[in-house]
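# Generate a structure from the sequence data that follows.
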Amino acid sequence: MIMPARAMEQSSATKPNDRSRSSKAPDTPATPLMATAEREWQPVSNEHYENFPVASWLCPPPLRPAITAIYNFARTADDIADEGIASCAERLAILAEYRLALENAVNGGDTRGRWEAVFSPLAAVVDRHQLPLTPLTDLLSAFEQDTDSPIYPDRASLLEYCALSANPIGRLLMHLAGVGDRESLAQSDAVCSALQLINFWQDLSIDLPRGRTYVTETDAASHGLNARKLAVTDSDASRALVRSLVAWSREMMLAGAPLVHRLPGRLGWELRFVVQGGLRVLKKIEGVGFNVLSRRPIVRKTDFPWLAWHALRMPRPLVPAPVLHL
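Numbering: from 1, shown residues only. This is a model prediction of the structure:
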């Protein structure tokens, strides 16, 4: 399974920018920006810290190349938007080039060049599986939005961001699985948005010092706090805020969880672990007393028995779930 784009971001809680990359000589003379791009924005393997599996052994082998290609596309674009020292304008310019490279690749153009390792396999996957283009361009729209570190006024606006940054990943996977009914797509959106939100709350101690705020103004104000001035300091008010955010994202995850019974075979089991991974992070946040402004709880290998037990015991709903409206 693949994580929503923004949820694939941190490789280390202490050194968020300290990542090794496979390098490739540029096709054009290297300006300072180009040099940064070549160093920081290359396609990546699964070396990043992940809460949840990415094309793991549970995933059906025929789908692994497609999932890996989608992951590399999203991960590389995410790094363009978020890593290195380039300005907002420079990042937007690179993302514009990246968007053109995507359009060229899916339209049968030459994929050789700066991001050949991304777009050559992606073009083959798009052709083989007839992947829709809209989810891929939606992801790029989310990354473009990220470059300016916006503040979200309310939950509706934050979910609109999730609809671009997270839900397209689920939609692509649903396409690969051959599942496209309205209820299943709504549940997929709920799971992906919940995963995105969970990652936001998990990463508050990292994002806030970097000027990235995903706590909405309305949520912060309801606890007497200012979203634009959230201090990375634990307090009763901040813990109450995080408690409410955890409850919101858990409710959303549980609303989408019945999707695990709609996906066939190993893909359904993969999703079980993704859902339980998200719920486990929420348990970890609860375990530190909702103090995520000074620490970052993570899922470890030792959590696997818990994940496996709860994945095995996920109940099948007795009645069809209502269609969700996020």
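# how close does residue 277 sit to residue 155?
From residue 277 over to residue 155 the distance is 23 Å, taken as C-beta to C-beta, to the nearest Å. For glycine as for every other residue, the C-beta is placed from the backbone atoms N, C-alpha and C.
# For the spatially closest residue to residue 226 that is not a sequence neighbour, which residues are in contact?
Spatial nearest neighbour of residue 226, chain neighbours left out: residue 220 (6.1 Å); criterion: C-beta to C-beta, 6 or more residues apart in numbering. Counting by C-beta atoms under 8 Å, 6 or more residues apart in numbering, residue 220 touches 226-227, 230, 241.
# Pick the one among the residues you listed closest to residue 164.
Distance to residue 164, by C-beta to C-beta, is smallest for residue 227 among the contacts of residue 220, at 20.1 Å.
# got a pLDDT number for the closest one?
On pLDDT, residue 227 comes in at 93.
# Please identify the helix or strand for the closest residue in space to it that isn't next to it in sequence.
Of all residues not flanking residue 227 in the chain, residue 220 sits nearest, at 3.9 Å (C-beta to C-beta, 6+ apart). Assessed by DSSP states H and E, residue 220 sits inside helix 217-221.
# same question for that helix, mean pLDDT?
Rounded mean pLDDT across helix 217-221 is 97.
# ok, then the element right after it?
helix 236-256.
# Columns distance to residue 64 and neighbour count on top of the contacts of residue 220, output as CSV?
Shown next, in CSV, are those (distance: C-beta to C-beta, whole Å; neighbours: other C-beta atoms under 10 Å):
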residue, distance to residue 64, neighbour count
226, 45, 10
227, 40, 18
230, 39, 17
241, 39, 25
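# Which two among the residues you listed are spaced furthest apart?
Counting by C-beta to C-beta, the most remote pair of the contacts of residue 220 is 226 and 241, 11.3 Å apart.
# ok, which stretches of the stretch 1-150 of the chain are helices?
Remark: helices assigned in the stretch 1-150 of the chain by DSSP state H, counting those that start in this stretch are 32-40, 64-82, 88-106, 116-129, 134-146.
# quick check: angle from the helix or strand just after the last one to helix 236-256?
Note on helix 134-146: by DSSP H and E, the next helix or strand toward the C-terminus is helix 155-165. Calculated by axes from the mean of the first three to the mean of the last three C-alpha atoms, to 10 degrees, helix 155-165 forms an angle of 50 degrees with helix 236-256.
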